[in-house]
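K.L.:
Sequence first, predicted coordinates after that:
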Amino acid sequence: MKFRATLTLQGCHSLCRAFLPTLDKFGKSAHVLIGPEEVHFVQTPLEADGASVTVRFAVVRPHARRQRAHMRVEPPAAAGGAAPHARPARHAAHRSQDKLFVREAFKVSSRHFNLIAFAVDVGLLLKALRSALANDADSVDVRLTQKAVQLPGSSDTENRPFLCFTARVSRRAAAPAPACTAPWHPRARAHPRACRRAVAAPPQGAALSLLQDMPVGKPCTASEIDALVAAKDVSALSPFYLDLASAGARLPAVVDKLRALSAVMQAAVCKARRGAAPAARPALRRRAPARPRAHSPRRGAPGLAQSGDFHAQVAEGVMLGAAFSGLAVYPADARSEPDNADGQLTAEQKLQAALDAGDAMAVHVQVKHLLKVLNVSHLSQPAQVLFGIAEGCGHVHVMYVYRDPSGDAAYDDSLSLAFKLPVREED
């Protein structure tokens, strides 16, 4: 079992600013699942207070192998030759392919399909990476190793696994000061001392390596790795998803107010059956408690311009909730026939009609889980927050979708963040 790699600066910044703080909001520990093509950070329901969180990084994109055959690494051109401390610069398209690790330095091997998994403390990992960035490291090497640790209260030692981080910092020589331009008098024996120092040659830079050993959990067995692979995969997808990002900051504010009333809320997704989609707008309502029935969704006629509605409500004596309309529906063929009479119905009647027609699904979830998912979106800033209810109403599936930094219209398929929220049975 071997693992060693070199973290990219982009990967360090992404982990420190976005994804590790997101994992820290759900739990203090996580599992790292490393494979030849992908690296996953997985938080199981035991680690995330009932929810499941998965961050996926592709080591290299599927189309990157074709592009790298046409890329060359050339040193930067400089007048009179490159400086001794100049570092070769990669092509911009090449840099965008390496999300987390440098592909050429990534090595992983094991007896179980070359998969390695172990538990890490999210806070310790965050401190180790922040320390490397604070020292302006040029590169951060990481490898899995074992070290002898003395047992407390005994002279015996035990081999325990560690992640060894090596941050390499080059102390670059300062740029030479401009030559002295002070006028020289014939009676003066030499230039002033300050001028002599200004024209002196600068000292050469020195390299510095910062070593950090972070303890990790014992490497997982083959059966534990298989359980992690099953936990990161979604067993059942939703027939359709709503993009909650178009609702803006009003949706987290409404859910936060509902948390003060009840710990459990009903979340419903509905395909609005109308021809034109209005802007997303919450509509508060009060009514007597009534629990709509959840039916299996069905596909409608494709090609109709249509949006969806998201309903959030709690029942404590009376039912209080909000409806966000005009949300985008995915996939594009998850449509239903338009109904012109929907404009004369209230939000409750539209939801009930959609449930009866099979165009909506409703489940009960914990408010704290949904609120955490919505509140951490500002850390990684996804382009879309897709919310769906799995078929059979087994769980709630939320996906963060990110745009490709190399293009304006394409989405990044090498990076994803997904949540699985448990549902509660109706009383």
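P.N.:
Received, thanks.

K.L.:
longest helix anywhere in the chain?
P.N.:
Assignment by DSSP state H gives helix 122-134 as the longest helix of the chain.

K.L.:
so what secondary structure elements neighbour it?
P.N.:
Applying 3 or more C-beta pairs under 8 Å, 6 or more residues apart in numbering; DSSP states H and E, one finds that helix 122-134 contacts helix 9-14, helix 20-26, strand 157-171, strand 206-215. To be clear about C-beta, it is placed using only N, CA and C from the backbone, and glycine gets the same treatment.

K.L.:
rerun that using 6 Å as the cut-off
P.N.:
If you count contacts as 3 or more C-beta pairs under 6 Å, 6 or more residues apart in numbering; DSSP states H and E, helix 122-134 packs onto helix 20-26, strand 206-215.

K.L.:
looking at these, which is buried most?
P.N.:
Of the helices and strands packed on helix 122-134, the one with the most neighbours on average (mean count of other C-beta atoms under 10 Å) is helix 20-26, at a mean of 20.

K.L.:
Roughly how far does the nearest residue to Gly50 once chain neighbours are set aside sit from Arg250?
P.N.:
Nearest-residue entry for Gly50: Pro422, 5.3 Å, with adjacent residues in sequence omitted and distances by C-beta to C-beta, 6 or more residues apart in numbering. Counting by C-beta to C-beta, to the nearest Å, the gap from Pro422 to Arg250 is 26 Å.

K.L.:
Between the two, which has more neighbouring residues?
P.N.:
The neighbour count for Pro422 versus Arg250, taken as other C-beta atoms under 10 Å, is higher for Pro422 (16 against 13).

K.L.:
surely the more buried one meets Ala48?
P.N.:
No. Applying C-beta atoms under 6 Å, one finds Pro422 not in contact with Ala48, separated by 10.4 Å.

K.L.:
any shared contact partners between those two?
P.N.:
Common neighbours of Pro422 and Ala48 are not found (criterion: C-beta atoms under 6 Å, 6 or more residues apart in numbering).

K.L.:
quick one: buried residues of the helix or strand containing Ala353?
P.N.:
Ala353 belongs to helix 347-357 when assigned by DSSP states H and E. Across helix 347-357, burial judged by 16 or more other C-beta atoms under 10 Å covers 347-348, 350-355, 357.

K.L.:
The residue nearest to Ser109 when sequence neighbours are not counted: how many residues sit nearby?
P.N.:
Of all residues not flanking Ser109 in the chain, Lys2 sits nearest, at 5.0 Å (C-beta to C-beta, 6+ apart). For Lys2, the count of nearby residues is 12 (other C-beta under 10 Å).

K.L.:
those strands in the stretch 201-350 of the chain, which residues are they?
P.N.:
206-215, 241-243, 264-271, 282-287, 307-316, 318-330 (DSSP state E, counting those that start in this stretch).
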